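Colleague: just the structure for this:
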Amino acid sequence: MDIFRQLRWQLTLSYTLVTVSAFLVILLITAGMIFAQVFVPENYLSPERLIDDFMKGDTYLLWGQVLSQSPVDTKLINYALRGSQSIISNSELFRMGALQFWLTTNATFRVAVLGADGSILGTFRGGSLETEIGHPIDTSRITGLEAPLKAALSGESDASRLYTVVKPNERYIFAVPVFNPASGDESQLVGAVVVFFDSFPTQADIPTHILRIAGTSLLIFLLGVGLMGAVFGAIFAHRLDTRFKRISATTDLWSEGDFSRYIDDNTGDEISQFTQRLNSMAEQLQSLLHRRQDMAVSEERNRLARDLHDSAKQQALAASLELGAALTLYDRDPGSAKKHLVEADTLVDSVRKELTNLVDELRPQPTDEQDFSETLKEHAVEWSQRSGIELNINIEGNDELSLATRETLFRIAQEALANVARHSSASRTDVSLEYGADTVKLTIKDDGCGFDTRARHSGLGLNSMRERAEGLGGSFTVESAPGQGTQIFVTLPVEYY
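Modeller: Okay, the predicted model is just below:
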């Protein structure tokens, strides 16, 4: 699985976006410098010119036909209004081969179509006028409408009387009369079209026109630049991907405990500095592991020395004293000498058992070669046979456990049973292993002498078991009191990584 695939695509995409964005900035700056002075001549936007052009256009003829119907089809009016465009000029600027560059001027406007009696038949972006459709328009509510509308409804065709300047070079109100084109009588008024120009183009609108001028050429340029950016981005991302894969492969070896390899990256950039720090960290970890191994060996040696001193050595010394007493009494009191020999034999047998237990603790156990429940059961049965302590073992459920969990459970059970044999003087021990959905629980209970859990103890057994359990995110609890036996509860997660 390619773990850096998403990163590679993100780098390629970001490189492409940066390239395209840089091109757009350059294009806008260049276009602004070239077309800063290009705009529709001011006299072209004169109201008289716009009204004359409108009355000579196809749209005007269309309104004449629509309003000449009897009765007037309001649905047709609304349909025609939806096709209204805000383009008031559209002229070709220049050509480049098959590419054409156009200069377009747009305005923000509203339209109301009136009948010959001044009633509203339909609106486009009419706002409050939409609520008055079917009723005569109230000219008192709209400043500047009364004069041009009165002229239009009277059949006036002089453009100079058909508009009102609300705000110079920005806001106008046009009222254009509509005549019946089929009657042959040009003075037969059938309605009027009122146009509210809310905003004419200004110099601030030049960027919009420049973008329109770019047209198809801009799309072609963007595709080309985007492709180039993607190619260079893919090359750059591939280099980073290769470097990160080297880092990942080496750190995977470190996670398995192999610190023999280091990351080779001498490019000198920030990633190279980062890899040097990782290499330094690996060296420190390797040194720390060696120290911990040395400490663990030393700690285990101390534990063995303490166990041998507290048990086998003391028992061997007592056996030696018994043998010495038997030799002293052998000639004059053979009966007493025999008692001392029997006691010495018992002590030697205890030494043998203690040494067997210590050797068994040192021998590696095959916790990863068979079912863990069977491994634990076999060890507990062997321990019961050696120690002579009655055993009751109960296992509920079965599940796959990680190697770390199996190893930890086995070592804790091994240490706990060894402590029972050495210190508890118990006659019976219960071992319980219970598999849950997410955890596994180990319980070891004996009916021995017990101890005060609040008192300080010189041994490392309990602390070692607790550290093992907590090291895997589990818990370790001991319940005991003098004369009431001991219970050990261990809970570990089923999986640990």
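Colleague: domain map for the chain?
Modeller: Domain segmentation of the chain under automatic domain parsing yields 5-36+209-250, 42-200, 255-299, 370-497.
Colleague: now those in a markdown table, with mean pLDDT and distance to V351?
Modeller: Glycine gets a C-beta too; all of them are placed from N, C-alpha and C. Formatted as a markdown table, these follow (pLDDT from 0 to 100; distance: least, C-beta to C-beta, whole Å):
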| stretch | mean pLDDT | distance to V351 |
| --- | --- | --- |
| domain 5-36+209-250 | 68 | 51 |
| domain 42-200 | 79 | 103 |
| domain 255-299 | 78 | 24 |
| domain 370-497 | 85 | 13 |
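Colleague: can you list these in TSV and add mean neighbour count?
Modeller: Output for these, formatted as TSV (neighbours: other C-beta atoms under 10 Å):
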stretch	mean neighbour count
domain 5-36+209-250	15
domain 42-200	16
domain 255-299	12
domain 370-497	16
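Colleague: to K353, which of those lies closest?
Modeller: Nearest to K353 among the domains of the chain is domain 370-497; the distance by C-beta to C-beta comes to 6.2 Å.
Colleague: chain center to that closest one, what's the gap?
Modeller: For domain 370-497, the separation from the chain centroid amounts to 41 Å (computed by C-alpha atoms, centre = their mean, to the nearest Å).
Colleague: now stretch 175-182
Modeller: Distance, centroid of stretch 175-182 to centroid of chain: 65 Å (C-alpha atoms, centre = their mean).
Colleague: what's the answer for stretch 281-295, then?
Modeller: For stretch 281-295, the distance to the chain centre is 34 Å (C-alpha atoms, centre = their mean).
Colleague: quick one on the thing from earlier: wait, which of the domains of the chain is closest to R332?
Modeller: Each of those has some distance to R332 by C-beta to C-beta; the shortest is domain 370-497, at 36.3 Å.
Colleague: show the backbone phi and psi for Y330.
Modeller: Here is the backbone geometry of Y330 (degrees, to the nearest 10): phi -60, psi -40.
Colleague: who's in contact with it?
Modeller: The contact partners of Y330, taken as C-beta atoms under 8 Å, 6 or more residues apart in numbering, are A337.
Colleague: from L391, how far out is it?
Modeller: 41 Å (C-beta to C-beta, to the nearest Å).
Colleague: how about the domains of the chain, which one is nearest G324?
Modeller: domain 370-497 (26.1 Å).
Colleague: need the domains of the chain in JSON lines with distance to G324, can you?
Modeller: What follows is these, written out as JSON lines (distance: least, C-beta to C-beta, whole Å):
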{"stretch": "domain 5-36+209-250", "distance to G324": "65"}
{"stretch": "domain 42-200", "distance to G324": "118"}
{"stretch": "domain 255-299", "distance to G324": "35"}
{"stretch": "domain 370-497", "distance to G324": "26"}
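Colleague: looking at those, which is nearest to L323?
Modeller: Closest among the domains of the chain, once you apply C-beta to C-beta, is domain 370-497, at 23.9 Å.
Colleague: among the domains of the chain, which is nearest A316?
Modeller: Closest among the domains of the chain, using C-beta to C-beta: domain 370-497, at 15.6 Å.
Colleague: which residues of the stretch 301-450 of the chain fall in helices?
Modeller: Assigned by DSSP state H, counting those that start in this stretch, the helices in the stretch 301-450 of the chain fall at 314-329, 334-362, 372-387, 403-419.
Colleague: out of those, which comes closest to F54?
Modeller: Short answer: helix 403-419, nearest of those by C-beta to C-beta, at 85.9 Å.
Colleague: need phi/psi at S480.
Modeller: Dihedral angles (degrees, to the nearest 10) for S480: phi -160, psi 160.
Colleague: got a list of what it touches?
Modeller: Counting by C-beta under 8 Å, 6+ apart, S480 makes contact with G450, F451, D452, T453, T486, Q487.
Colleague: need the helices of the stretch 301-450 of the chain in CSV with distance to R125, can you?
Modeller: As requested, the helices of the stretch 301-450 of the chain are exported to CSV (distance: least, C-beta to C-beta, whole Å):
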stretch, distance to R125
helix 314-329, 106
helix 334-362, 91
helix 372-387, 78
helix 403-419, 72
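Colleague: for M228, which of those is the nearest?
Modeller: Of all these, it is helix 403-419 that lies closest to M228, at 51.6 Å by C-beta to C-beta.
Colleague: the closest one to helix 372-387, inter-axis angle?
Modeller: Angle, helix 403-419 to helix 372-387, by axes from the mean of the first three to the mean of the last three C-alpha atoms, to 10 degrees: 20 degrees.
Colleague: which residues are contacting helix 403-419?
Modeller: 357, 361, 365, 367-368, 372, 375-376, 379-380, 383, 387, 401, 429, 431, 433, 440, 442, 444, 461, 464-465, 468-469, 471-472, 474, 476, 488, 490, 492-496.
Colleague: out of the residues you listed, which sit inside strands?
Modeller: Per DSSP state E, strands hold the following members of the contacts of helix 403-419: T429, V431, L433, V440, L442, I444, F476, I488, V490, L492, P493.
Colleague: ok, so of those residues, who is nearest Y163?
Modeller: The closest of these, once distances to Y163 are taken by C-beta to C-beta, is P493, at 83.7 Å.
Colleague: which strand residues bridge that closest one?
Modeller: T439 (DSSP bridges).
Colleague: pretty sure it is touching K441, no?
Modeller: No - using C-beta atoms under 8 Å, P493 is not in contact with K441; the gap is 11.1 Å.
Colleague: farthest pair within the contacts of S480?
Modeller: Using C-beta to C-beta, the two most remote members of those are D452 and Q487, lying 14.5 Å apart.
Colleague: quick one: the strands in the stretch 51-200 of the chain?
Modeller: Under the criterion DSSP state E, counting those that start in this stretch, strands of the stretch 51-200 of the chain are mapped to 87-96, 99-106, 108-115, 120-124, 163-167, 171-179, 189-199.
Colleague: which neighbours in the sheet does the last one have, and how are they oriented?
Modeller: Read it as strand 189-199. Per DSSP bridges, strand 189-199 is paired in its sheet with strand 108-115 (antiparallel), strand 171-179 (antiparallel).
Colleague: those: which one's closest to E322?
Modeller: When these are compared by C-beta to C-beta, strand 108-115 sits nearest E322, at 116.9 Å.
Colleague: just how off-centre is the closest one within its chain?
Modeller: 53 Å.
Colleague: what residues does that strand touch?
Modeller: 63, 67, 72, 77, 81, 84, 86, 120-127, 129, 137, 149, 153, 190-199.
Colleague: contact partners for the closest residue to A421 other than its chain neighbours?
Modeller: Among residues not flanking A421 along the chain, S387 sits closest, at 4.2 Å (C-beta to C-beta, 6 or more residues apart in numbering). If you count contacts by C-beta under 8 Å, 6+ apart, S387 has them with K353, N357, L417, V420, A421.
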